[in-house]
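A.B. asks: Build me a structure from this.
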Amino acid sequence: MPEGKLLVGTAKGAFILESNGGGWSIDGPHFAGRSVYATMLDRRAGRNRIWAAATSWHFGAELVFSDDNGKTWDMPEEMRIKFPEDTEKSLENIWQIAAGADDDTIYVGTAPAAIFDSHDNGATWSLNRGLWEHPHCKEWTPGFGGLAVHTIIADKVDPNDLKIAISTGGVYQSSDGGKSWNVTNKGIKAYFLPDQYPEFGQCVHKIARHPSNKDTFFLQNHHGVYRSRDGAVTWQEIENGLPSNFGFPVTVTDNGRVFIIPLKADAERFTCEGKLRVYRSSDEGDSWEPLTKGLPQENAYEVILRDALDSTGNEVYFGTKNGKLFGSVNNGDSWTMIEGSLPEINCVRAY
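C.D. replies: Predicted coordinates:
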């Protein structure tokens, strides 16, 4: 058994799971009844702070934190993340919380599609005007889940290097810390548009960075699985051996193995053939192998969302919309169901 922590966001609150090697303890739900789409554990500079985004149909989306492992939460009277009046927009949801290169920088991705950043460990926040005022911004259109910045990848060393994914807009990146943004969707298909290889407008579902080859990225698209080896500038299809090229999540383990979980199609959003299979590549997407040991292979019509798959070390974890949480401690060779009756799982973070 692993010794670590999982932060699990669901449609009915957040759960904190911890393992000491003999089993898992489950604490929650925190923010019961609220949808949690994003969490982050910040251990920089000696902190042990849990960030979470809790969304209520009545109160809206709130960004909160806990410094005592969820015993208490700092929920300010005024929302931390709010759009300036001149934008004439209001916050709908928080999709991503990501740490920056230095100890005090945090990024938040939202719907409407925007980034907010803090450089004082969350004390103050500001709208990233470079992205908000980008010429493409007014032409982005909502995907099935809305119009959102759902992925933020900040380089761990270079504070100027930022990569993001927008649904629907595609991949954008900044080399000056977010002051300006370039679109980098070359090679990514948007089959639902008249021009199937447009400059922007792709419905990218998730991107992940190789842990040691910093210029190598992997991408799960709305029908398409891709790899980039030039810093997420151009993309090539890597779909050989997969039962479908549709899905949501992608993660790369510390040893460079790539994991995805294909679904049948956009109109049939459930696992192919009713079999819950995780696909792993040990050669950066040149080939794929199905992983099934410990996973149901009959009548398993599951859906795994874009942030519901994560990894740490040799461990991989994922959760389904049916509330099942699975984990592997051996790079996916075998799986165990950790919990089978949680609410609909939106996100899983492993530490």
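A.B. asks: Let me see the ranges of the strands in the stretch 251-351 of the chain.
C.D. replies: Applying DSSP state E, counting those that start in this stretch to the stretch 251-351 of the chain gives strands spanning 258-263, 278-281, 289-291, 309-312, 315-319, 325-328, 336-339, 345-350.
A.B. asks: Could I get the full set of helices for the chain?
C.D. replies: 129-132 (DSSP state H).
A.B. asks: hmm, what's the outermost residue in it?
C.D. replies: residue 86 (29.2 Å; C-alpha atoms, centre = their mean).
A.B. asks: and residue 104, how many neighbours?
C.D. replies: Using other C-beta atoms under 10 Å, the number of residues around residue 104 comes to 16. C-beta: built from backbone N, CA, C; applies to glycine.
A.B. asks: Residue 345 versus that one, what's the distance?
C.D. replies: Residue 104 sits 30 Å away from residue 345, going by C-beta to C-beta, to the nearest Å.
A.B. asks: So, low pLDDT: which residues of the protein?
C.D. replies: Flagging of the chain using pLDDT under 70 yields the residue ranges 1-2.
A.B. asks: contacting residues around the closest residue to residue 299 other than its chain neighbours?
C.D. replies: Nearest residue to residue 299 in three dimensions, chain neighbours excluded: residue 274, at 5.4 Å (C-beta to C-beta, 6 or more residues apart in numbering). Residues in contact with residue 274 (C-beta atoms under 8 Å, 6 or more residues apart in numbering) are 298, 299, 300, 301.
A.B. asks: Just the buried residues from these, in ChimeraX please.
C.D. replies: One line in ChimeraX is enough to select the buried ones among the contacts of residue 274; burial here means 16 or more other C-beta atoms under 10 Å:
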select :300,301
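A.B. asks: Look up phi and psi at residue 314.
C.D. replies: Main-chain dihedrals, residue 314, degrees, to the nearest 10: phi -100, psi 10.
A.B. asks: Can you get me a residue count around it?
C.D. replies: With other C-beta under 10 Å as criterion, residue 314 counts 16.
A.B. asks: Tell me who's in contact with it.
C.D. replies: By C-beta under 8 Å, 6+ apart, the neighbours of residue 314 are 253, 254, 255, 329, 330, 331.
A.B. asks: how about 7 Å then?
C.D. replies: 253, 255, 329, 330, 331 (C-beta atoms under 7 Å, 6 or more residues apart in numbering).
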